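Q: Turn this into a model:
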Amino acid sequence: MTASPQDTRPADGFDPNAPGTPEEHWTAAMQEAAAPVTAVELLPAGVDVVVLSAHPDDESLAAAGLLAAASALGRPTTVVVATSGEGSHPASPTHTAERLAGIREREVAGAVAAVAPGATLVLLRLPDGELGQHRTGLTEALTDLVGADTVVVAPSRHDGHPDHEAAGEVAARVAAAAGATLLEYPIWLWHWGTRDDLAGTDLVRLTLDPAARTGREVAQRAHVSQVAPLSDQPGDEVLLPAHVLARFARPHEVFVRTLPDRGVAAPVNESLPVQRTRTEPTRTQPTQTRTASGGPAGAQDAVFDAMFEESDDPWGFESRWYERRKRAVTLAVLPRADLGRVLEVGCSTGVLTAELAARAATVLATDLSAEAVQRARQRLDGDPMVTVAQLRAPQEWPPGTFDLVVLSEIGYFWDADELHRALGLVVASLAEDGLVLLCHWRHPVSGWPLDGDDVHAAAVALPGLEVVVSHVEEDFRVDVLAAGSWRTPATAEGLT
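A: I've put the predicted structure just below:
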């Protein structure tokens, strides 16, 4: 949600940093005015879903719950992001518009994957703040995706933000022409408006289940550049402070619905302005290609726990030369001496964890097996900078931002949906210049959905990440992916 006082206001202006309309006003108004609907009623069988965002994060703020519902129902879903949000911090002394665009594209990829791992993401890269002048390109992109069996979800045409309104107006016209259902989501209207500004519309309220609410929170948190300051310098301030985010933490999401037989709905408020080169879009789609959580959770837990009843080192991490050599290669390919804040998912008994800790500021190591966690804690006892936690990824994911995320010999335990959800969460958890390390066995993995090459292929296809190291042998593969700007070790030390 790109916002600044000079370009985000209805006709009489508003201050995005002011408290705005009290949330209590909307709580009462929506209970009375918005009709409750189920996800199946909103997204009936046979439809596909197209969600349009003017900027990266619009979809996560106002429609992440709907995206989660669409994913749970198996509805084919496409998320179209019109701009890269490069204008969010025009006065930033630390981030250029180009750099911000890359950051925000990575953030939205992670956010969408967190709630709808099978969705297609389309990045149009139209100019931020100028959508009203690029309606033709946006119309062409949407027209290719929308048919009579599509539910189109888009920003409100009367949101008080020029880009939101331009996107909403294009979506309304494309939906009407195709005979599609339109769902409009307010963003800034919640800030400056009142219930009177929604009078005369077909308001519907989708109550979110706990899983959808959790996914929405993860998706919103993925937009780090918007929910946290870029730096402590003037011009890098947080754009979505707590009072704004509170409007998108409700137990429901509200949409203005226009059914195809009603045509384009009348304006909500005639006093609000509606401003009347095609860029080739970039599309990313998870490839449906060991989940420590696959199958019945208890059964899988028992499998891993039982292995430790037979051996203290069931994988041979310490006894096999293959494992010791692979670990040495893995540590050697990490291009930075100082690893910073490390998240290791699937730490097992903590053998690799201990060596990561020697180069890290902090390490958070996780595993779903209680037995593995117990052994890892025993191994790492006494190191105050290491935390070992039992959790089931990707269904459970730790908060925070990390300089390095390690996925070693875990990806093939997940099924395709879990893998892509996990990869989305990895991207969302990365620091601006963070690294991802993947290491996996390349031979067939009996009894599990994927193999190591499947896992690495999905990871290297992630948008916004660059493969900076790739070590491939017959037995195993190690890849290091980098976000943001990248410098080789030689360059970092002034040798080139």
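Q: hey, where'd the strands end up in the stretch 201-350 of the chain?
A: Remark: strands assigned in the stretch 201-350 of the chain by DSSP state E, counting those that start in this stretch are 203-207, 252-258, 282-284, 340-345.
Q: from the ones you listed, which stretch is densest packed?
A: Most buried of these by mean neighbour count (mean count of other CB atoms under 10 Å) is strand 340-345; its value is a mean of 24. Using the backbone N, CA and C atoms, a C-beta is placed for each residue, glycine as well.
Q: Partner strands of that one and their direction?
A: Using DSSP bridges, the strands paired with strand 340-345 in its sheet are strand 360-367 (parallel), strand 402-408 (parallel).
Q: ok, back up a step: include distance to residue 91 when you put the strands of the stretch 201-350 of the chain into CSV, please.
A: Below are these laid out as CSV (distance: least, CB to CB, whole Å):
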stretch, distance to residue 91
strand 203-207, 37
strand 252-258, 32
strand 282-284, 28
strand 340-345, 28
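Q: Kindly report which one of the ones you listed carries the lowest mean pLDDT.
A: Lowest mean pLDDT within those: strand 282-284, a mean of 52.
Q: Look up phi and psi at residue 437.
A: Main-chain torsions, residue 437, degrees, to the nearest 10: phi -110, psi 130.
Q: Identify the residues contacting it.
A: For residue 437, the contacting residues are 330, 333, 334, 404, 405, 406, 407, 408, 478, 479, 480, by CB atoms under 8 Å, 6 or more residues apart in numbering.
Q: try 7 Å this time
A: Residues in contact with residue 437 (CB atoms under 7 Å, 6 or more residues apart in numbering) are 334, 404, 406, 480.
Q: how would you label the most centrally placed residue in the chain: helix, strand or coil?
A: Nearest to the geometric centre of the chain sits residue 111, at 1.1 Å (CA atoms, centre = their mean). What DSSP: H, G, I helix; E, B strand; the rest coil gives for residue 111 is helix.
Q: coming back round to it: of the contacts of residue 437, which is the most crowded?
A: Highest neighbour count within the contacts of residue 437, by other CB atoms under 10 Å: residue 406, with 26 neighbours.
Q: which residue sits closest to it, ignoring its sequence neighbours?
A: Leaving aside its sequence neighbours, residue 406 sits nearest to residue 344 (CB to CB, 6 or more residues apart in numbering; 4.3 Å).
Q: for residue 323, same thing?
A: With CB to CB, 6+ apart, the residue lying closest to residue 323 is residue 317, at 5.0 Å.
Q: In terms of pLDDT, where does the one you found sit?
A: Residue 317 is given a pLDDT of 79.
Q: Would you mind measuring from it to residue 151?
A: Per CB to CB, to the nearest Å, residue 317 is found 49 Å from residue 151.
Q: Those two - which one has more neighbours?
A: Between residue 317 and residue 151, counted using other CB under 10 Å, residue 151 has the larger neighbour count: 24 against 17.
Q: ok but the more buried one is inside a strand, no?
A: Yes: under three-state DSSP, residue 151 falls within a strand.
Q: Double-check it against residue 181; I have them as touching.
A: Yes: with contact defined as CB atoms under 7 Å, residue 151 counts as touching residue 181 (4.9 Å).
Q: dump the residue contacts of the residue nearest to residue 323.
A: The contact partners of residue 317, taken as CB under 7 Å, 6+ apart, are 323, 349, 351.
Q: count of neighbours near the second one?
A: Counted with other CB under 10 Å, residues neighbouring residue 349 total 26.
Q: ok, for it, nearest residue in space, not its chain neighbours?
A: The shortest distance from residue 349 to any non-neighbouring residue, by CB to CB, 6+ apart, is to residue 375 (4.3 Å).
Q: any idea which helix or strand comes after whatever helix or strand that neighbour lives in?
A: Assigned by DSSP states H and E, residue 375 belongs to helix 370-380. Sequence-wise, the next helix or strand downstream of helix 370-380 (DSSP H and E) is strand 386-390.
Q: Packing partners of that following strand?
A: Packing contacts for strand 386-390, counted by 3 or more CB pairs under 7 Å, 6 or more residues apart in numbering; DSSP states H and E, involve strand 360-367, helix 370-380.
Q: Tell me which of those lies nearest to residue 31.
A: For residue 31, the closest of these is strand 360-367, at 39.6 Å, according to CB to CB.
Q: Show me the shaky parts of the stretch 201-350 of the chain.
A: Counting by pLDDT under 70, the stretch 201-350 of the chain has low-confidence residues at 261-315.
Q: again, 50 this time
A: Applying pLDDT under 50 to the stretch 201-350 of the chain flags residues 262-280, 284-299.
Q: so where do the helices sit in it?
A: Assigned by DSSP state H, counting those that start in this stretch, the helices in the stretch 201-350 of the chain fall at 210-222, 224-227, 242-245, 297-310, 321-333.
Q: Dump those helices to TSV, plus mean neighbour count and distance to residue 391.
A: As requested, the helices of the stretch 201-350 of the chain are exported to TSV (neighbours: other CB atoms under 10 Å; distance: least, CB to CB, whole Å):
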stretch	mean neighbour count	distance to residue 391
helix 210-222	22	13
helix 224-227	23	21
helix 242-245	16	25
helix 297-310	14	12
helix 321-333	15	23
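Q: Out of those, which is closest to residue 444?
A: Evaluated with CB to CB, the helices of the stretch 201-350 of the chain place helix 321-333 nearest to residue 444, the distance being 16.6 Å.
Q: Run through the neighbouring helices and strands of that closest one.
A: Helix 321-333 packs on helix 351-357, strand 465-472, strand 476-483, going by 3+ CB pairs under 7 Å, 6+ apart.
Q: Quick one, which of those gets closest to residue 146.
A: When the helices and strands packed on helix 321-333 are ranked by distance to residue 146, counting by CB to CB, first place goes to strand 465-472 at 30.2 Å.
Q: What is the burial count for the closest residue to residue 348 other than its chain neighbours?
A: Leaving out its chain neighbours, the residue that sits closest to residue 348 by CB to CB, 6+ apart is residue 372, at 5.0 Å. By the measure other CB under 10 Å, the count of residues near residue 372 is 26.
Q: so residue 372 makes contact with residue 349?
A: Yes: contact criterion CB under 7 Å: residue 372 and residue 349 qualify, at 5.7 Å.
Q: residues contacting the nearest residue to residue 202 once chain neighbours are set aside?
A: Leaving aside its sequence neighbours, residue 202 sits nearest to residue 257 (CB to CB, 6+ apart; 4.5 Å). Residue 257 makes contact with 181, 183, 202, 204 under the criterion CB under 7 Å, 6+ apart.
Q: Now the phi/psi pair for the second one, please.
A: In terms of degrees, to the nearest 10, the main-chain angles of residue 183 are phi -120, psi 120.
Q: Perfect, that will be all.
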